[in-house]
Structure formats: C-alpha cells, structure tokens
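K.L.:
Below is the sequence, then the predicted model.
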Amino acid sequence: MSVQSSDTPDEAAPTDAGSDATTSTSNRTTVETPIRTHPTLRPTTIWLVSVTVLGVGLIAAIRSAPGVLGGAGAATVAMRAVALLTGLGVLRFLARLYVLRQTEYVVDEDTITRQYELFFRTWQRTVPVSKVRSHELRQSRVQKLLGYGTISMNQGLGAIELENVTSPHALYDSVSTLVER
C-alpha cells in the first residue's frame, strides 16, 4: 500500500517514509510493517470556519438592522443567543480537532487499532483481523473531491471506524487483503 506522505501533521504518513508498506509475493499482498495513519483535520476545520463565519455574519446582520427583530432589546437578546450558540459550536469543533490530532490508526498483520490520548489517558480499541466479518469504504462526493474517506469494519459485536483517512482506497485494499487471508 502506498500512503501519501506530507509535511503537514493532518496527512497520513507511513511509518517508514523510505519504503513501501506492502510487498507483492506471487499474487498475494502482505503487510510488512504496521501501517500507521492519522485522520485528516480538513472536514472538522471546514465546519469550524463555517460555524464561525455564520455566527459572526448573523451577529453583524442583527447589529446593522435591529429594527427587523422589533427593537434594540430583542436584537440584543438575539445577538447574545447567536453568540452563545456560535461559541458552543466553536468549542465543540476545537475539542474534536484536539481529539483528531491525538488519534492514530494502526493496521498490522493481526490487528486493527484505533487509539487516542486525551488528558493523559489513552483510549484504544483493537480488533483482531480474524474477527472482522465485513468491511466497507464510504466516501461522499465532497470526501472524494478532498481525497479522504472512512473505512468501517464490523466484527459482529460492533464496528470500528477509521474516520477521515487520506488515501482511503490504498488503506482499504490493505485491509481487504488482510481480511481475505
């Protein structure tokens, strides 16, 4: 599998940048080293910017025409409500960005792992490749344009998702090869 390498921290990068992560041996592809990748921050950043711009725009529109809402008092209440909702939205997306920056996906011969560290505590979910019953790649039109997607694997008792990974087709092919063995 060839995973895109980039200097930006939100792009996926293989563990060993100098070598390809897979090897072809007589019609069968095996993973030599664990594939380590991170989710991209692009979708969450786009939502963060959108919420901020929308909130600031609404506040500016209300401030410029307070009579539309029935007077200065109603306009002040509306501006405070919009500011509160915008602030909560911004905090939510900032927290999501922090979690995504701490998240790492690891795919090796035997397991698929999703792990992240939050407030000096590590959360980890590991699924043995032998227990994966089905797997799928999901990409919306926007995700396809921006070059990322989500790979979901069902193990019968629940799913594990590798969200917003760059080069999703390459990672999906590697997961498919491991699951079909």
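P.N.:
Looks like it arrived, so ask away. Numbers count the residues shown, from 1 in each chain.
K.L.:
tell me the SS of V127?
P.N.:
For V127, the assignment made with DSSP: H, G, I helix; E, B strand; the rest coil gives strand.
K.L.:
what sits opposite it in the beta ladder?
P.N.:
I112 (DSSP bridges).
K.L.:
same thing with V106?
P.N.:
Going by DSSP bridges, V106 is paired in beta bridges with R36, T113.
K.L.:
repeat for G149
P.N.:
Beta-bridge partners of G149, as defined by DSSP bridges: V165.
K.L.:
Correct me if wrong: it contacts E136.
P.N.:
No. At 10.1 Å, G149 and E136 do not qualify as touching, with contact defined as Cβ atoms under 8 Å. For every residue, glycine as well, the C-beta is placed using N, CA and C.
K.L.:
Between the two, which is the more surrounded one?
P.N.:
Set G149 next to E136 and count neighbours by other Cβ atoms under 10 Å: G149 wins out with 22 against 12.
K.L.:
Just name whatever secondary elements the host helix or strand of Y98 is in contact with.
P.N.:
Y98 belongs to helix 72-102 when assigned by DSSP states H and E. Other elements packing on helix 72-102 under the criterion 3 or more Cβ pairs under 8 Å, 6 or more residues apart in numbering; DSSP states H and E are helix 42-64, strand 111-118.
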